[in-house]
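# Sequence unavailable; structure follows:
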């Protein structure tokens, strides 16, 4: 299993970024996927979740209405469209997979830094 994030960077408040998570080594279409983030001196928090089919999504309260999670239609890729960014969104963003049906294993990407600052 491999998860590789990309798309992070420096953006001004009110701006947008689109993160990508390229997945390989497992049946991507069979698993729900999640985005987490961790800001300095804070615990890692769940940002968004998408079902295996892509039809059901969940968002954390702090990003609801501003972020959109989605799955690629022709590639094993997950996206996070982030709009109306503010400094509180500054964090390292991680792609996450809970792999396995009976006995699960956690897989994390290496993370991508998002910095919102003027």
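That came through fine. No experiment lies behind these values; they were computed from the predicted model shown.
# nearest spatial neighbour of the residue nearest the centre of the chain, skipping sequence neighbours?
Nearest residue to the geometric centre of the chain (C-alpha atoms, centre = their mean): residue 35, 2.7 Å. Distances taken as C-beta to C-beta, 6 or more residues apart in numbering place residue 47 nearest to residue 35, at 4.3 Å, with adjacent residues excluded. The way it works is simple: take the backbone N, C-alpha and C, and place the C-beta from them, glycine included.
# same for whichever strand or helix holds the one you found, what does it pack against?
Assigned by DSSP states H and E, residue 47 belongs to strand 45-50. In terms of contacts (3 or more C-beta pairs under 8 Å, 6 or more residues apart in numbering; DSSP states H and E), strand 45-50 is packed against strand 33-38, strand 57-59, strand 67-71, strand 77-82.
# now those strands as CSV including distance to residue 111?
Below are the helices and strands packed on strand 45-50 laid out as CSV (distance: least, C-beta to C-beta, whole Å):
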stretch, distance to residue 111
strand 33-38, 8
strand 57-59, 20
strand 67-71, 17
strand 77-82, 13
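# Out of those, which gets nearest to residue 92?
Among those, the nearest to residue 92 by C-beta to C-beta is strand 33-38 (5.4 Å).
# residues touching the residue of the chain most remote from its centre, list them.
In the chain, counting by C-alpha atoms, centre = their mean, residue 102 sits farthest out from the average C-alpha position, at 24.0 Å. Counting by C-beta atoms under 8 Å, 6 or more residues apart in numbering, residue 102 makes contact with nothing.
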